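Chemist: Only the shape, not the letters, is given here:
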């Protein structure tokens, strides 16, 4: 086994993990899953409320200075970030002809540009370590499209191209970059969708049930674990089959 292959599978236990948007929903479940397996977890939030046992970092991911400060705090507490989960995201839904420039800009800035900023900062430390795991949280909407979500779908689709380009750039240093694309998961964000839209999604799910945040969290921890050391540039759907074939 080469040095690169070995480093991708023999990462030490209790790794330094950074999860953005980890105070509720999918992000919180992801942070809790890493904590449960003994990792050292830092969570960024805008208003506090990280899970017990996690380092709670106040950070607006659209602010480069705050992102840098969050990384420095995580590194001081836990060492260089070995696993990044870029989960923080927002919606600002409306039909295309009603969508303002601000509706577009704030969603792209939070969901796509901030993920670029986070990955770039994390990669610096990972390149020195010669190992690392980057997981970007996208959405089935980025693959299927959704009326009223042109901005959100564009931001989530953009993560796929970004992740695959990073996978090609960073792979030789045993750094994997993957995308998880949740479908209809029961969270505060999806609860804000119109009732008819939620009902329509539910009727199309082959598994016949809504997803739970734990379904996504377990996929993320697998991608960050030794069993996925040879997986990079992948888009993993966690959607009950909703986006099958896309």
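Modeler: Received the coordinates, thanks. These numbers were taken from a predicted model, which means no experiment stands behind them.
Chemist: Can you show me the helices along this structure?
Modeler: Applying DSSP state H to the chain gives helices spanning 3-9, 25-36, 64-78, 101-108, 114-129, 141-144, 150-170, 188-191, 195-203, 213-223.
Chemist: out of these, which comes closest to residue 242?
Modeler: Nearest of the helices of the chain to residue 242, taken as C-beta to C-beta: helix 195-203 at 6.6 Å. C-beta here means a position set from N, CA and C on the backbone, and glycine is covered the same way.
Chemist: neighbouring contacts of the closest one?
Modeler: 146, 183, 184, 190, 210, 242 (C-beta atoms under 8 Å, 6 or more residues apart in numbering).
Chemist: same thing with stretch 140-147?
Modeler: By C-beta under 8 Å, 6+ apart, stretch 140-147 touches 95, 149, 152-160, 181-184, 197, 235, 237, 239, 242-243, 246.
Chemist: Any of those residues buried? List them.
Modeler: By neighbour count, with 16 or more other C-beta atoms under 10 Å, these hold 149, 152-160, 181-184, 197, 235, 237, 239, 242-243 as buried.
Chemist: Nearest residue to the spatially most central residue of the chain in space, please, no chain neighbours.
Modeler: By C-alpha atoms, centre = their mean, the mean C-alpha position of the chain lies nearest to residue 137, the distance being 2.9 Å. Among residues not flanking residue 137 along the chain, residue 87 sits closest, at 4.3 Å (C-beta to C-beta, 6 or more residues apart in numbering).
Chemist: Repeat that for residue 80.
Modeler: Nearest residue to residue 80, sequence neighbours excluded (C-beta to C-beta, 6+ apart): residue 125, at 3.8 Å.
Chemist: That neighbour is in contact with residue 78, isn't it?
Modeler: No. Using C-beta atoms under 8 Å, residue 125 makes no contact with residue 78, being 11.3 Å away.
Chemist: measure residue 206 to residue 244 for me?
Modeler: 7 Å (C-beta to C-beta, to the nearest Å).
Chemist: Rounded mean pLDDT for the top strand by length along the chain, please.
Modeler: The single longest strand within the chain, with elements called by DSSP state E, is strand 175-182. Average pLDDT, strand 175-182: 98.
Chemist: repeat for stretch 219-231
Modeler: 98.
Chemist: now swap in stretch 159-168 and tell me
Modeler: Mean pLDDT, computed over stretch 159-168, is 98.
Chemist: Run through the protein and note the low-pLDDT ranges.
Modeler: Residue ranges of the chain with pLDDT under 70: 1-13, 189-190.
Chemist: can we see that at 50?
Modeler: Across the chain, residues meeting the criterion (pLDDT under 50) sit at 1-10.
Chemist: Find the nearest non-adjacent residue to residue 20, please.
Modeler: Counting by C-beta to C-beta, 6+ apart, residue 88 is the residue found nearest to residue 20 once chain neighbours are left out, at 4.0 Å.
Chemist: buried ones in stretch 187-201?
Modeler: Buried residues in stretch 187-201, counted by 16+ other C-beta under 10 Å: 187, 190, 193, 197, 198, 201.
Chemist: That one: end-to-end distance?
Modeler: Using C-alpha to C-alpha, to the nearest Å, the end-to-end distance of stretch 187-201 comes to 14 Å.
Chemist: From here on, call the first residue 224.
Modeler: Renumbered: residue one is now 224, and that last one reads stretch 410-424.
Chemist: Relative to the whole chain's centre, how far out is that stretch?
Modeler: Mean-position distance between stretch 410-424 and its chain equals 21 Å (C-alpha atoms, centre = their mean, to the nearest Å).
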